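# Okay, here's the prediction I keep looking at, along with the sequence it came from:
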2 protein chains.
Amino acid sequence: MELAVEGRLAIYFDNDFDLKFVKNPLLIIEEDRIVEIGTYDKIKHNLSGHDVIGDKNHLIIPGLINSHTHLAMTVFRGIVDDIPLKTWLEENIWPLEAKLTEEDVYQGALLGSMESILSGVTTVNSMYWYPEFEAKAISDVGLKGIIAAPVITGITTLEDAIDIVKEHHNSLEETIRVSLALHSPYTVSISDFKAAHKFMKEYNSENPENPEVLIHTHLAESETEIKDSKKFNEKYEIPFPSVKTPVQFLDEIGILDENLMAAHCIHVNNKDINLLKDKRTKISLNPLSNAKLGNHMPPIPEIIKSTRLVGLGTDGPSSNNTLDLFDTIRFLAVYYKGLHHNPTLIKAEEAFRLATIGGAKAIGWEGIGTLEKNSFADIVTINLKKPHLTPNFDDKYLLNHFAYSMKGNDVTNVISNGKIILENSTLLNRDIDITLDEIEKITHRLVSMKSENDSDSALLFQSKLHK
Amino acid sequence: MELAVEGRLAIYFDNDFDLKFVKNPLLIIEEDRIVEIGTYDKIKHNLSGHDVIGDKNHLIIPGLINSHTHLAMTVFRGIVDDIPLKTWLEENIWPLEAKLTEEDVYQGALLGSMESILSGVTTVNSMYWYPEFEAKAISDVGLKGIIAAPVITGITTLEDAIDIVKEHHNSLEETIRVSLALHSPYTVSISDFKAAHKFMKEYNSENPENPEVLIHTHLAESETEIKDSKKFNEKYEIPFPSVKTPVQFLDEIGILDENLMAAHCIHVNNKDINLLKDKRTKISLNPLSNAKLGNHMPPIPEIIKSTRLVGLGTDGPSSNNTLDLFDTIRFLAVYYKGLHHNPTLIKAEEAFRLATIGGAKAIGWEGIGTLEKNSFADIVTINLKKPHLTPNFDDKYLLNHFAYSMKGNDVTNVISNGKIILENSTLLNRDIDITLDEIEKITHRLVSMKSENDSDSALLFQSKLHK
């Protein structure tokens, strides 16, 4: 039985960034695509043979796009907070990560995927270890995802990453893609950046039937990034160009182009923002995570004025601390108003754009983040009969509610790849309690091990990644 | 049948601001008080005749305190956002407010009260028109509240406010108190401030059996407050003291004392913060609303280092846009980390303190905001079996989850004044759908009227308030 979706109003940006409202909408789905969208009365004659989801109290929006995360890090959520970043990473997260097994990553990503569905996210761009196990988790619950073929010079090799791309890109019924995840300018050598870029270009031109492989990196996240990158390359005796900023560095070595997904973009000046725009680089902004970690904050009002290839990311659930994109949406919409004493900065409509079509552009996945005809049937419905979403009789209140009142758990139904995976806020197909119990066991095991042999962690980490 | 509450862990600050954890807790309630709290095994012999609420997966915390709001403004939620403050107020909110009826305020406050319960708030400090109708709404759903006897010089009289105090303070089974709501230094004359203060002192000393009446005002919210206050008093030919800040102004005229509840405290310098501390003035911080409206932001890290008589407020639901205190808690805990690039600023424990015992101190209500023996039985339980609250096996993760992952709708059960009013996230005693429908009708009527006769609004407003 194919699906159809009805509601009170559908809101989406089309691929030209035009905002569309469809009153009393009906969406007809065939296989994994929206084949019709329009007013109920005009297209109801095509309804026969379709199960109808939603009702007249529902707002319909595209499935949201989480354009940068580390999905499996659910296992580290809330275990340590409120401490300096360096201590958090080096003394807490990294030693624990070193002990992760493939099964841990699968379970962590499974929880992350479930949490994503529950809050209306249908596509995730995740950068983490054991990517094939993240892929399995994402696919098992019916989402789309980009997993990472990780490259950290000295720890993983580009060759291994290339193998992952070749084996997993566009796999699992084309719901899983692979990025070349060159961790950052200060952990990946210039040689690896260039070689990865060369491979990517060749692979993409040799496989025109596939969606393009992209590079995914953390860019301009740290204040000392240029200094650290220079030092890192010196270790490998690689000459470092005379550049002032991380963006200009990647441009100088030929990486800054439309095949780059750059997460964070915090330390960017006006010249950098223009470069990012001119090169059509894809950008993921993660303001809630940046703030929580005590990082500096990206100049988001300036970035989104310059380029539209921008989406939102939650970043990892151990730094945010949730995968609920609505949390990041609201924080984005409010933070900069306060910072600049300007209530007109980052309007509700812009937050909605970044979370939907902007996210799609930011990860280069055509046909998602919108409800246009022929798009993927990745659809979220939200029952508006809620205290914090009232009043709502006037359609023009609904984007305000989206940005300033809604939460992930207002999501009622989620359709992904044409199949219903969340119905009446209940996950279909998976028993979430089993996963919750698994995560408790995993985190318990990891933190118990931690105290015993922290000093070996780096070695252990490397040996496991190379096994 | 009396109630008892069990859970996995109870967390609360006692009245001396010491943080307490009780594992496997049992709380025994008699009438409206907690008569015992301790480990289940130690006090279970006192359980007979009690219905037990909660289970071994539940976190137990005190009912949260919303120390500054305008409860009935739910009727204006999300109708206009993302515009300059002056336009928002003068062209949108005020003309609509002028048309409010008593019944509108009752229904708006009813929705606000329900929304409060659903997100774990058991006491609200609201400043709004037709306070007796807010009181009825708050009481009808079983909460505690402080309502406002409003004074705006030239619009309402102190005499009317005094009548409201005399009639409603400590009413409805002592669940409703009344504040002298002197709107702000720039809308209330020095004479009215002084006369209100004098009345308050006399009333409190003549009624020692009652809880004290307090003054509630917006303080240091606007950058131009001193200039505007001076101008306002000139209108009444009242000499204005030579002072530099709103806090010093209220001190100079004898208002800044422990009977003052000051909301916002944005434009305060170090001298002001010391004054607020020395005078034991009660403070309500509303950072999420401040940011959303594009106000400046209060120096919260400095304020909470100086004084502990500080709580959190949502401010009105038309500016926040919810009454969910968890939204403000998380924003508080994250915003200042980002602003000051310091992840150790405003720790989870501090956010919890402000939302509970701090809020109780900030509104001067003894016996709330804590789970200490003999406190009011205002208790919230939260089922921890949720994706975004996992892992949680270690008790020390739970305050992190409170600040960085929880949302209002994670609240499972709410007990208020010893009675259960939310059970399994469902409101008892009231049909919420009826209220949602009422609000839609009210807002629809108000915005329809608005276009017809905006120019008369100020007059209409005054005449109605004086009828």
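That came in fine, so what should we check first? Numbers count the residues shown, from 1 in each chain, chains lettered A, B, ... in the order given.
# how near is residue A:336 to residue B:101?
Residue A:336 sits 38 Å away from residue B:101, going by Cβ to Cβ, to the nearest Å. In short, each C-beta sits where N, CA and C put it, glycine included.
# for residue A:371, same thing?
Going from residue A:371 to residue B:101 by Cβ to Cβ gives 40 Å.
# residue contacts, the closest residue to chain B within the stretch 1-150 of chain A?
Residue of the stretch 1-150 of chain A nearest chain B, by Cβ to the nearest Cβ: residue A:78 (3.8 Å). The contact partners of residue A:78, taken as Cβ atoms under 8 Å, 6 or more residues apart in numbering or on different chains, are A:318, A:321, B:391-392, B:397, B:400-401, B:404-405.
# please redo it, this time with the cut-off set to 10 Å
Neighbour list for residue A:78: A:317-318, A:321-322, A:443, B:348, B:388-392, B:394, B:396-405 [criterion: Cβ atoms under 10 Å, 6 or more residues apart in numbering or on different chains].
# Which residue is the nearest non-sequential neighbour of it?
Excluding the flanking residues, the one nearest residue A:78 by Cβ to Cβ, 6 or more residues apart in numbering or on different chains is residue B:400, at 3.8 Å.
# Kindly report the same for residue A:402.
Sequence neighbours aside, residue A:352 is the residue nearest to residue A:402 in space, at 5.6 Å (criterion: Cβ to Cβ, 6+ apart).
# Look at the one you found and tell me its secondary structure.
Under DSSP: H, G, I helix; E, B strand; the rest coil, residue A:352 falls in the helix class.
# Could you check the pLDDT of it?
Here the pLDDT value assigned to residue A:352 is 98.
# That one against residue A:20, yeah?
No: the criterion here is Cβ atoms under 10 Å, and residue A:352 misses it with residue A:20 at 11.6 Å.
# CA atoms of the helix or strand containing residue A:179 as CSV?
Secondary structure assigned from DSSP states H and E places residue A:179 in strand A:176-182. Coordinates of each C-alpha in strand A:176-182 appear next as CSV, following Å, rounded to 0.1, in the frame of the first residue of the first chain:
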residue,chain,number,x,y,z
ILE,A,176,23.9,5.6,2.4
ARG,A,177,26.7,7.8,1.0
VAL,A,178,30.3,8.1,2.0
SER,A,179,32.3,11.3,2.6
LEU,A,180,36.0,11.5,2.6
ALA,A,181,36.2,12.7,6.2
LEU,A,182,39.5,14.6,6.4
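# what helices or strands is that strand leaning on?
strand A:121-126, helix A:131-140, strand A:144-151, helix A:158-168, helix A:190-206, strand A:215-219, strand A:260-264 (3 or more Cβ pairs under 10 Å, 6 or more residues apart in numbering or on different chains; DSSP states H and E).
# returning to that earlier point: residue A:336 and residue B:101: which has the busier surroundings?
residue A:336 (20 against 14; other Cβ atoms under 10 Å in any protein chain shown).
# so which helix or strand takes in that one?
Element membership for residue A:336, per DSSP H and E: helix A:325-340.
# what angle do that helix and helix B:325-340 make?
Using axes from the mean of the first three to the mean of the last three Cα atoms, to 10 degrees, the inter-axis angle of helix A:325-340 relative to helix B:325-340 is 50 degrees.
# remind me which residues of the stretch 51-200 of chain A are low pLDDT?
Along the stretch 51-200 of chain A, segments meeting pLDDT under 70 are nowhere present.
# just how off-centre is stretch A:159-168 within its chain?
Computed by Cα atoms, centre = their mean, to the nearest Å, the chain-centroid distance of stretch A:159-168 equals 21 Å.
# if I read this right, residue A:13 contacts residue A:65, doesn't it?
No: applying Cβ under 10 Å as the test, residue A:13 and residue A:65 come out as separate, 11.7 Å apart.
# Determine which member of those two has the greater number of neighbouring residues.
Shown here are residue A:13 and residue A:65; by other Cβ under 10 Å, residue A:65 has more neighbours (30 against 23).
# part of a strand, is that one?
Yes: checked against three-state DSSP, residue A:65 lies within a strand.
# in the sheet, who's paired with it?
Residue A:65 has these beta-bridge partners by DSSP bridges: residue A:123.
# quick one, longest helix in chain A?
Ranked by number of residues, the top helix in chain A under DSSP state H is helix A:432-453.
# Please identify the buried residues of it?
A:432, A:435-436, A:438-440, A:442-443, A:446-447, A:449-450 (16 or more other Cβ atoms under 10 Å in any protein chain shown).
# Return the member of these nearest to residue B:57.
residue A:436 (10.1 Å; Cβ to Cβ).
# isn't the closest one right next to residue A:77, touching?
No: the criterion here is Cβ under 10 Å, and residue A:436 misses it with residue A:77 at 11.9 Å.
# Overlap in contacts, these two.
Taking Cβ under 10 Å, 6+ apart as the contact rule, residue A:436 and residue A:77 both touch A:111, B:387, B:389-392.
# ok, of those residues, which one's closest to residue B:139?
Lowest distance from residue B:139 to the shared contacts of residue A:436 and residue A:77 (Cβ to Cβ) belongs to residue B:389, with 32.5 Å.
# could you say which helix or strand contains the residue nearest to that closest one when sequence neighbours are not counted?
Excluding its sequence neighbours, the residue lying closest to residue B:389 (Cβ to Cβ, 6+ apart) is residue B:401, at 5.0 Å. For residue B:401, the element it lies in under DSSP H and E is helix B:398-404.
# I'd like to know which elements that helix is packed against.
If you count contacts as 3+ Cβ pairs under 10 Å, 6+ apart, helix B:398-404 packs onto helix A:287-292, strand B:9-13, strand B:19-23, strand B:58-62, helix B:325-340, helix B:348-353, strand B:379-383.
# Need the CA coordinates for that helix. PDB is fine.
Provided in PDB are the C-alpha atoms of helix B:398-404 (Å, rounded to 0.1, in the frame of the first residue of the first chain):
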ATOM      1  CA  LEU B 398      21.500  13.500  35.800                       C
ATOM      2  CA  LEU B 399      22.100  17.100  36.500                       C
ATOM      3  CA  ASN B 400      23.800  17.300  33.100                       C
ATOM      4  CA  HIS B 401      20.800  15.800  31.500                       C
ATOM      5  CA  PHE B 402      18.600  18.300  33.500                       C
ATOM      6  CA  ALA B 403      20.500  21.300  32.100                       C
ATOM      7  CA  TYR B 404      21.400  20.100  28.600                       C
END
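# Moving along the chain from it, name the first helix or strand you hit.
Moving toward the C-terminus from helix B:398-404, the next helix or strand (DSSP H and E) is strand B:411-416.
# Can you list the strands that that next one pairs with?
strand B:379-383 (antiparallel), strand B:419-423 (antiparallel).
# want to try TSV for these, with distance to residue B:240 as columns?
Output for the strands paired with strand B:411-416, formatted as TSV (distance: least, Cβ to Cβ, whole Å):
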stretch	distance to residue B:240
strand B:379-383	46
strand B:419-423	47
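# Need the winner for burial among those strands.
Ranked by mean neighbour count, those are led by strand B:379-383 with a mean of 25 (mean count of other Cβ atoms under 10 Å in any protein chain shown).
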